[in-house]
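In: sequence plus the predicted model coming up.
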Amino acid sequence: MSRKTLLHRATVQEGLGRASLPRHSVLLDGDRIEAVLPEGLAPLHTPGIDVLDLDGRTVMPGMTLGHTHIAYLDVLDGREMLFKYSVPELTLAAARNTENLLGLGYTAFVGAGSVAGIDMALRRAVDAGQLRGPRITPCSRDLMVSGPPERRNPEVGKRIPSDLMRLADTPEEMAEYVAGEIAQGAEIVKVFSSGDDTFPNGRSHELLFTAEELVIAARTAHEHGARIRAHSRGLDGIRNAIAAGVDVIDHATYADDAALEAIAERGIFVVPSLYQPHMLLTTGTGHGKTPEYLETLEFEAEVANTLRILPLMVELGIPVVAGDDFGFAWTPHGTYAKELELYVTMAGIPARTVLSWATANGARLAGRGDDAGTVQAGRLADLVVTDGDPAEDISVLSRPGGIELVLLGGVPVAGGTELFRIVTGHPGGTPAAAGAV
């Protein structure tokens, strides 16, 4: 029989885009939330319930990082993504990044392009108890083409080992690779409807996959029980991704109003990109990028349109999820909360809304929309305790010491309970051992 725990005298941030609830308590039963109730109604002296006195600290849902290249390691360009480090070095770094996510309040991540299939290996290691980490929705290797349809070059594929990244220049290869990645454990497949100004094979406004190839990839993924996400910056690429029936559009940086309306109508997730291009433009010279190179990018225009569409996406009810291209030198792993801050300080999105992108919407993207992502009865006890209310000041999440305790299924996995007065629920009982939950 599982023991119950009461997180008493807390401020509860539910993850639903609303203001936090002061003077509440959260009752846990094993790995689930049993009840959220006013602290005056809490079963404070009930036998069998351990009590953690949070003294006003905030309890919020664990966050989901919705766009994760867990094996990128301070890379500077597309070539370094694949060739800067050996696969063993990347795997060890990815394992460290995975473990570190917990202490930063992330109890789940959704992959967005897995170098050498490392996502799938991490998922198996975490599930087997060999590695401590969050809940993982593993992504396929990037499924890439050699260039826009008019510039396809089969020689490119000969320079990229298929165990690092899949390159397909025919519809038949596309279907084969999608099915193969899912057979290896991918639950979401990564394709490219457009290029990127930092890519060597196609710029943001150029198409990479044809409309037909996107349809084939999406249909194959769905037939095999997986979802599909499309890197889509240019408007034509966004339109093709929508028409193909993708589940997630990454970036959406040049979306117009009509595209946003279609995205909203179909309930497609959008993982926008503001932090990574902003950081490249503002700090790139410190990482060896010349001013001349930065001027060749159209990232200023992409940032400007992203700032325009973010409030529109909120207004339209589009399920936005947080997560950007971390793992570049200018967006190193571990700085995830800085993205959340930028949505508040630069885009003017309310902190409570941004939190819902990282919690409730992130859980939906991960396939756990009915099971996690909010502080509600019946949900998984994937919870974060913070010294301050991030719905009022989102910088709490990046402040040293701001995250004091992380629970995964009710079990402490980061921080500790030593900060909280712990009282056993037995009449006349003595304080429980520090760290026991």
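Out: Sure thing, it's come through.
In: only C-alpha atoms from now on, for both contacts and neighbour counts.
Out: Will do.
In: pLDDT value on the residue nearest to V406 when sequence neighbours are not counted, please?
Out: Leaving aside its sequence neighbours, V406 sits nearest to V384 (CA to CA, 6 or more residues apart in numbering; 4.6 Å). Looking at V384, its pLDDT is 98.
In: dig out what the closest residue to S273 other than its chain neighbours forms beta bridges with.
Out: Excluding the flanking residues, the one nearest S273 by CA to CA, 6+ apart is H251, at 4.8 Å. Bridge pairing for H251 (DSSP bridges) gives the partners S232, P272.
In: mind listing what's buried in stretch 145-158?
Out: For stretch 145-158, the neighbour count (16 or more other CA atoms under 10 Å) marks V145, S146, G147, P148, G157 as buried.
In: ok, so of those, who is nearest L37?
Out: Nearest to L37 among the buried residues of stretch 145-158: V145, at 53.1 Å, using CA to CA.
In: quick check, pLDDT for that closest one.
Out: At V145, pLDDT is 89.
In: that one and A168 touch, don't they?
Out: Yes: with contacts counted by CA atoms under 8 Å, V145 reaches A168, the gap being 5.3 Å.
In: joint contacts of the two?
Out: When CA atoms under 8 Å, 6 or more residues apart in numbering defines a contact, no residue borders V145 and A168 alike.
In: where exactly do the strands run in the stretch 101-250 of the chain?
Out: In the stretch 101-250 of the chain, the strands defined using DSSP state E, counting those that start in this stretch lie at 106-111, 135-137, 139-144, 166-167, 188-192, 227-232, 248-251.
In: what's the least confident stretch among those strands?
Out: strand 166-167 (a mean of 88).
In: pull up the pairing partners for it, direction included.
Out: If you go by DSSP bridges, strand 166-167 pairs up with strand 139-144 (parallel).
In: contacts for the strand it pairs with, please.
Out: Strand 139-144 has contacts (CA under 8 Å, 6+ apart) with 110-117, 119-120, 164-168, 174, 177-178, 181-182, 186-192.
In: how distant is that strand from the center of its chain?
Out: Between the centre of strand 139-144 and the centre of its host chain there is 17 Å, according to CA atoms, centre = their mean, to the nearest Å.
In: can you check stretch 65-77 too?
Out: For stretch 65-77 - counting by CA atoms, centre = their mean - the centre lies 11 Å from the chain centre.
In: now do the helix or strand containing V385: everything it contacts.
Out: Assigned by DSSP states H and E, V385 falls within strand 383-386. With contact meaning CA under 8 Å, 6+ apart, strand 383-386 is reached by 57-62, 105, 107, 375, 396-397, 402-408, 410.
In: quick one: strands adjacent to that strand?
Out: By DSSP bridges, strand 383-386 pairs with strand 58-61 (antiparallel), strand 403-408 (antiparallel).
In: could you dump that strand to CSV, C-alpha only?
Out: The C-alpha trace of strand 383-386 is given here as CSV (Å, rounded to 0.1, in the frame of the first residue of the first chain):
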residue,chain,number,x,y,z
LEU,A,383,5.8,18.2,-9.7
VAL,A,384,8.2,21.1,-9.1
VAL,A,385,8.5,23.2,-6.0
THR,A,386,9.9,26.7,-6.5
